[in-house]
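Student: Mind looking at a prediction? Sequence and model below.
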2 protein chains.
Amino acid sequence: MISTRGRYALRVMIDIASNQGDGYVPMKDVAARQGLSLKYLEQIIPPLKDHGLIKGIQGKGGGYRLTKKPSEYNIGEILRLTEKDLAPVSCLAEGAPECERRQECKTVKLWEGLEKVTNEYLDSKTLDELL
Amino acid sequence: MISTRGRYALRVMIDIASNQGDGYVPMKDVAARQGLSLKYLEQIIPPLKDHGLIKGIQGKGGGYRLTKKPSEYNIGEILRLTEKDLAPVSCLAEGAPECERRQECKTVKLWEGLEKVTNEYLDSKTLDELL
DNA sequence: ATAATACCTACTATACAAGTAGGTAATAAG
DNA sequence: CTTATTACCTACTTGTATAGTAGGTATTAT
């Protein structure tokens, strides 16, 4: 299940896209408009910045803006960066210990298929479709 | 993310299908073969019985067996019964309070689409495909 | 100099997942 | 008809992750 981290990140991206104009959008304003905790958003945002999806500028008049056109973001990349893991089961999660039963496991292909289907769906949707 | 409840339920169904022959399979044996806690499985199984997916018989020589052919079970129904909820976000979960932002929410259609995609995938797979 | 912003790290409360525990009721076999 | 074996039932426990709160520092426009 998608947690608040991923859901809020998406709302932040939508909010920035809707309000950036040709300037920068302060997270304080995003938090107020979206009814979310500024302090919590500050913890969610960093991976989006570190991977170049948004650009942040400090100081008065600063804030964030998108680095690409909304149509160039797919939802999957936003969620994969902000959500712990998009894997449908823990044994497919990144950094999960190799399962002893992997060889004889009758269900692993099912889960891999499910992971593929969800990622394909999320990668097929772009940010501008949500505006 | 699919929890142990759903994953174990699936393994139980596979195990019963593989071992029932023309008799009944004790959960004790399933637990031993699968390396799972009997006591925990006993908590997971009831909804499968209550909805007629399996039939239980008490007493010596008792156990469980399937009520249909493996090809007649789809994975989605097994998971929906044993997993708390298959909804991708909490606001789409059963019994969730109506979201105030529902009207203005830009993301709800995305989540509904994701839910549809995952359910369609899981409903398209049958138990016999896992044997 | 000041106010506003991003940026950083530690801590906390709560809920839930994943079991453990200790029984009772039913039934086949000896 | 006693015993062993099974399903079936309900309460309790423990560890971990989520969803924050809290208190700062660094940077920059005015």
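Tutor: Arrived safely. Numbers count the residues shown, from 1 in each chain, chains lettered A, B, ... in the order given.
Student: Residues of chain A that sit close to DNA strand C?
Tutor: A:24-28, A:39, A:42-43, A:45-46, A:49, A:56-64, A:90 (Cβ under 7 Å from any atom of the strand). (Glycine included, C-beta is placed from N, CA and C.)
Student: and the residue lying farthest from the centre of chain A, what are its phi and psi?
Tutor: When distances to the mean C-alpha position of chain A are computed (Cα atoms, centre = their mean), the maximum falls on A:Glu104, with 34.2 Å. Phi and psi for A:Glu104, reported as degrees, to the nearest 10, are phi -90, psi 0.
Student: give the contact list for the nearest residue to A:Glu72 once chain neighbours are set aside.
Tutor: Distances taken as Cβ to Cβ, 6 or more residues apart in numbering or on different chains place A:Thr126 nearest to A:Glu72, at 7.3 Å, with adjacent residues excluded. Listed by Cβ atoms under 8 Å, 6 or more residues apart in numbering or on different chains, the contact partners of A:Thr126 are A:70-75.
Student: likewise A:Ile75?
Tutor: A:Ile75 sits next to A:10, A:122-123, A:125-127, A:130, B:110 when contact means Cβ under 8 Å, 6+ apart.
Student: now it: how far from A:Tyr121?
Tutor: Per Cβ to Cβ, to the nearest Å, A:Ile75 is found 9 Å from A:Tyr121.
Student: what do you get for A:Leu53?
Tutor: Counting by Cβ to Cβ, the separation of A:Leu53 from A:Tyr121 is 20 Å.
Student: Helices along chain A, start to end?
Tutor: Applying DSSP state H to chain A gives helices spanning A:4-19, A:27-34, A:38-44, A:46-50, A:75-82, A:108-124.
Student: can you put the ones you listed in a markdown table and add mean pLDDT?
Tutor: Formatted as a markdown table, these follow (pLDDT from 0 to 100):
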| stretch | mean pLDDT |
| --- | --- |
| helix A:4-19 | 98 |
| helix A:27-34 | 98 |
| helix A:38-44 | 98 |
| helix A:46-50 | 98 |
| helix A:75-82 | 98 |
| helix A:108-124 | 98 |
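Student: which of the contacts of A:Thr126 are buried?
Tutor: A:70, A:73-75 (16 or more other Cβ atoms under 10 Å in any protein chain shown).
Student: Pull the contacting residues for the residue farthest from the centre of chain A.
Tutor: Taking Cβ under 8 Å, 6+ apart as the definition, A:Glu104 has no contacts.
Student: can you tell me which residues contact the residue nearest to A:Gly61 when sequence neighbours are not counted?
Tutor: Once flanking residues are discounted, A:Gly61 sits nearest to A:Tyr24: 7.0 Å by Cβ to Cβ, 6+ apart. By Cβ under 8 Å, 6+ apart, the contact list for A:Tyr24 reads A:57, A:61-65.
Student: Can you select the buried ones among these for me in PyMOL?
Tutor: Those of these that count as buried under 16+ other Cβ under 10 Å are selected in PyMOL with:
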select buried, chain A and resi 63+64+65
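Student: Dump the contacts of A:Tyr24 into TSV; add pLDDT as well.
Tutor: Below are these laid out as TSV (pLDDT from 0 to 100):
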residue	pLDDT
A:Ile57	97
A:Gly61	95
A:Gly62	97
A:Gly63	98
A:Tyr64	98
A:Arg65	98
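Student: out of the contacts of A:Tyr24, who's nearest B:Ala17?
Tutor: Closest approach to B:Ala17 among the contacts of A:Tyr24 (Cβ to Cβ): A:Tyr64, at 53.2 Å.
Student: Return the distance of the closest one relative to A:Lys109.
Tutor: 41 Å.
Student: Could you give the number of residues near the residue in chain A that DNA strand D sits nearest to?
Tutor: Closest approach between chain A and DNA strand D, counting by Cβ to the nearest atom of the strand: A:Gly59, at 2.2 Å. Other residues near A:Gly59 come to 6 when the count uses other Cβ atoms under 10 Å in any protein chain shown.
Student: Got phi/psi on it?
Tutor: Per degrees, to the nearest 10, the backbone of A:Gly59 is at phi 80, psi 170.
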